[in-house]
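K.L.:
whatever this is, show me its structure:
(chains A and B)
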Amino acid sequence: MHPLLKLVIQRLALGFLLLLVVSAVIFLGVEALPGDTAQAILGQSATPQALANLREQMGLNDPPLTRYFDWLGGVMTGDLGKSLTNGADIAQAIGQRLGNTLFLAACAAVISVPLALILGLIAARYAGKWPDKVISAITLTTISLPEFVAAYFVIYLLTQVIPLFQPVAMVFPGMSFGAKLHAVALPVIVLVMVVLAHMMRMTRAAILNVMQSAYIETAELKGVRPMQIIWRHAFPNAIAPIVSVVVLNLAYLVVGVVVVEVVFGYNALGQFLVDHVTKRDLPVVQAVGLVFAGVYIMLNILADVIAIFANPRLRHPK
Amino acid sequence: MKDQLDRIIEATRRGRMSRREFISRTTAMGISAGLASALYGKAAQAQEPKKGGIMRMGMAGGESTNSLDPALAASEVPFQVNLTWGETLVDVAPDGTLELRIAEEVSSSADAKEWKFKIRQGVEFHDGKTLTAEDVVATLKRHTDEKSQSGALGIVQGIADMKAEGDMVTLTLASANADLPFLMADYHLVIQPGGGMDNPAAGIGAGAFRVDVNEPGVRHTFTRFENYWDAGNVHLDGTEFYVMNDNTARTAALQSGQVHVINRVDPKIVGLLQGAAGIKIRSAAGRGHYVFIMHVDKAPFDNNDLRMALKYAINRQEMVEKILGGLGTIGNDFPINKAYPLFDDTIEQREYDAAKAAEHYKKSGHDGSPIILRAAPGAFPGAVDAANLFAASAKAAGIPLEIKLEPDDGYWTNVWNVEPFCASYWGGRPVQDQMYSTAYLSTADWNDTKFKNAKFDELLLAARGELDQDKRKGIYSEMAHILRDEGGLILPMFNDFVCGVSDQVQGWIDDPNGELMNGRASGKCWLA
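P.N.:
Numbering: from 1, shown residues only, chains lettered A, B, ... in the order given. Here you go, the predicted structure:
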């Protein structure tokens, strides 16, 4: 077997084990939260009888271990179950929400990743000169703004001062692609602002690191143009660290954008998760947790594989 | 003068003012007769409702965990949704009187124990079935069932027997209740085919709109139901609710025209929005109130002098101004205000009085240890600020009130009804009996002040069977005095329902019964 294939299989098996651990941790975490689903649903209007009825109906009276393994058994057979709070089919609800999450993440990634790489290359080319300083200053400013502040800022600027977009970003099945893009414009802008600096800085640092090498000096002495050196000689050797940072940010765009989703009322997984944690709706929280953990693990495996491909020494082990 | 003129124009729009009256009132304000006449023409023109259009509303108070099952509704958006696709037997009109909907006649026996509701003929459900008395009984049965999780369980529990004969529904009560018809206006009790026993969350009802899309926590869209029994009074082709829990985004959505109406305008920005073009702030003085509640059976709150000290140590006027931005009224330590029928407005208003507070505090013999008040941001909007104002005014009276900040998450489970002193809110009820029975009767499930007073209970039960309105008013007044002077309730303010409404929306009525015209905005408004 090719060593690379073996590695991927190993990683996948490890990832599967990790998912199991994650599901157990989520279960323990939600169990440890004060109050149960019945209390959370009924809230201030809980009467003892209504509470008892609801617990009975939702099967909350079973011991925790029984509930966990019931759930696990269901997942193993492909059945995520039904939401405790409104009886909706979890797989179906998550499917649609996940699509929206990926759509937003993809839009943000399509803009931010090339932009970050290009800016990083330019900053490395002019390291210490004014273009580098301007790029660094701007990206560091945007990353330093908390997301919700950036969100309120763009809402004010682009819906009130210049009424270009709508403040509440919701996308629905049946909307045209253009209408969807228009709807998510503001959250995409905020997300680009947030993730740009990290990727840009890493690109710049990785390239500058390679630029210290002797072979770059040789290229310079040969008279190769600076941008050519960076593109042809430095960049391929700097890919591994850049890819790992890019992937980390992609994972963030999928699983870490709850605040942005909530501010813009975007109907994706983050908002969905928050609502169900508030109501202690365990099956939903676990399902969403698994999806998030799965995305994270898969993207990390992907980063490793790309890093190995980019490095001939790792690609052709003796 | 602008406000006054607005009011007169509004009254004309709703057909409440004649041309003659309009002109005499506007000329009295210094407007020339010619201009007044022109103004009248414009105002009266707007009176004719326009048909068609789809209204969009941005609402706080919806979650992805919501269901279309009316029994499970507990927050704002499900309340609005229920009343858009569903229809109740009766409704409470903005002026507090009973309005007949599915029931076309309501009558009771002399002892107020047996109630008859005559069911309107020819009312149709969205699935084409005709609504019968059996559907009504089945619906009520589902909510009163012992296994029910209905939010209306406490309301309908008192019905001992119900039967349907022809077009008549007869409810027999375990004990007399002169207010029973008002209870039937509860938003959980929308009539469903077969009582919704088979599929409670089907969203099939007899309301003005049928459900198109139900995406809990995101949006709910509806189209006009052509065969609605009262279709002549419905003007819109459809209505759409978008869940917008973030204050800033919701406000921006109204300003940018993404929605026509929003609920829960933050009192802090009302002043700013009032100046915005094309938007009106509509505020309705409701029955909802923000409270600080003490358990009267736990030390140190089992001492009435200490309770009185705290009641005198709160500055109600300051709270209305600073917490509600002036959009509310001061409370008087009992949960009833002038929005309720049979309210006694002669009860003396309790004011902030540091000297009296200090006097009661001294008399209570409290050992000077800090008195802990628990509050969370979600207890009511501005709860933590209100608690801090309370602590400051109490300090001026020498009372060591200390705030303990609690997290929103789990507040209603771990703090409210558990800890002896905390911040909370009540939504108000259509009639006094229901408010008192819900939270102040000794045996009430939600007696969150643990108030147990035999005399009070006796008066409450006596009022239920009393059909003489003057006598009832007297009884309620006596109860208010008992609660105000002995209860564990500190009630600084009644909050208004504050909505932002675009000028495109016509026919808006400020309804004290609930937010967004008590859930009837889509059924009553039209778009200009």
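K.L.:
switch to C-alpha atoms for all contacts and neighbour counts from now on
P.N.:
Noted.
K.L.:
pull the residues that contact the helix or strand harbouring residue B:91.
P.N.:
According to DSSP states H and E, residue B:91 maps onto strand B:90-92. Defining contact as Cα atoms under 8 Å, 6 or more residues apart in numbering or on different chains, one finds that strand B:90-92 is touched by B:98, B:99, B:100, B:101, B:102, B:103, B:181, B:182, B:184, B:185, B:430, B:513.
K.L.:
repeat that for 7 Å
P.N.:
B:98, B:99, B:100, B:101, B:102, B:103, B:182, B:184, B:185 (Cα atoms under 7 Å, 6 or more residues apart in numbering or on different chains).
K.L.:
and the next helix or strand past the worst-scoring helix or strand of chain B on mean pLDDT?
P.N.:
When each helix and strand of chain B is scored by mean pLDDT, DSSP states H and E, helix B:33-45 comes last, with a mean of 58. Proceeding N to C from helix B:33-45, the next assigned helix or strand is strand B:54-59, under DSSP H and E.
K.L.:
other SSEs contacting that next one?
P.N.:
Judged by 3 or more Cα pairs under 7 Å, 6 or more residues apart in numbering or on different chains; DSSP states H and E, strand B:54-59 is in contact with strand B:238-243, strand B:261-262.
K.L.:
try 8 Å this time
P.N.:
strand B:238-243, helix B:247-255, strand B:261-262, strand B:526-527 (3 or more Cα pairs under 8 Å, 6 or more residues apart in numbering or on different chains; DSSP states H and E).
K.L.:
what's the following helix or strand after that strand?
P.N.:
Past strand B:54-59, the next helix or strand by DSSP H and E is helix B:76-85.
K.L.:
buried residues in that next one?
P.N.:
For helix B:76-85, burial by neighbour count (16 or more other Cα atoms under 10 Å in any protein chain shown) applies to B:76, B:77, B:78, B:79, B:80, B:81, B:82, B:83, B:84, B:85.
K.L.:
could you do stretch B:487-504 as well?
P.N.:
Going by 16+ other Cα under 10 Å, stretch B:487-504 has these buried residues: B:487-502.
K.L.:
let me see the mean pLDDT of the host helix or strand of residue A:137.
P.N.:
Residue A:137 is part of helix A:130-144, with elements assigned from DSSP H and E. For helix A:130-144, the mean per-residue pLDDT is 91.
K.L.:
also stretch B:395-414?
P.N.:
The model assigns stretch B:395-414 a mean pLDDT of 88.
K.L.:
now do stretch B:138-158
P.N.:
According to the model, stretch B:138-158 has a mean pLDDT of 80.
K.L.:
start to end distance for it?
P.N.:
16 Å (Cα to Cα, to the nearest Å).
K.L.:
equivalent analysis for stretch B:463-476, please.
P.N.:
End-to-end for stretch B:463-476, by Cα to Cα: 7 Å.
K.L.:
repeat for stretch B:221-231
P.N.:
Terminal residues of stretch B:221-231 lie 18 Å apart, using Cα to Cα.
K.L.:
do it and chain A meet?
P.N.:
No: using Cα under 8 Å from any Cα of the partner chain, stretch B:221-231 never reaches chain A; the gap is at least 11.9 Å.
K.L.:
buried ones in that stretch?
P.N.:
Buried residues in stretch B:221-231 (16+ other Cα under 10 Å): B:221, B:222, B:223, B:224, B:225, B:227, B:228, B:229.
K.L.:
let me have those in TSV, adding pLDDT and secondary structure as columns.
P.N.:
What follows is the buried residues of stretch B:221-231, written out as TSV (pLDDT from 0 to 100; DSSP: H, G, I helix; E, B strand; the rest coil):
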residue	pLDDT	secondary structure
B:221	96	strand
B:222	97	strand
B:223	97	strand
B:224	96	strand
B:225	96	coil
B:227	95	coil
B:228	96	coil
B:229	95	coil
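K.L.:
so how far is the helix holding residue A:137 off the chain centroid?
P.N.:
23 Å (Cα atoms, centre = their mean, to the nearest Å).
K.L.:
next structured bit after it?
P.N.:
Using DSSP H and E, the first helix or strand after helix A:130-144 is helix A:147-155.
K.L.:
how many other residues sit next to residue B:464?
P.N.:
20 (other Cα atoms under 10 Å in any protein chain shown).
K.L.:
give the contact list for it.
P.N.:
Taking Cα under 8 Å, 6+ apart as the test, what residue B:464 contacts is B:176, B:177, B:178, B:179, B:433.
K.L.:
nearest to chain A among those residues?
P.N.:
Set against chain A, the nearest of the contacts of residue B:464 by Cα to the nearest Cα is residue B:433 (17.6 Å).
K.L.:
check what pLDDT the closest one gets.
P.N.:
In this model, residue B:433 carries a pLDDT of 90.
K.L.:
which helix or strand contains it?
P.N.:
Residue B:433 belongs to helix B:432-439, assigned by DSSP H and E.
K.L.:
that helix near chain A anywhere?
P.N.:
No: shown here: helix B:432-439 not in contact with chain A (Cα under 8 Å from any Cα), separated by at least 10.1 Å.
K.L.:
list the helices and strands that helix packs on?
P.N.:
helix B:454-464.
K.L.:
buried sites along the helix holding residue B:433?
P.N.:
B:432, B:433, B:434, B:435, B:436, B:437, B:438, B:439.
K.L.:
ok, which pair from these is furthest apart?
P.N.:
Farthest apart among these by Cα to Cα are B:432 and B:439. That separation is 11.2 Å.
K.L.:
that concludes my questions; thank you for your assistance.
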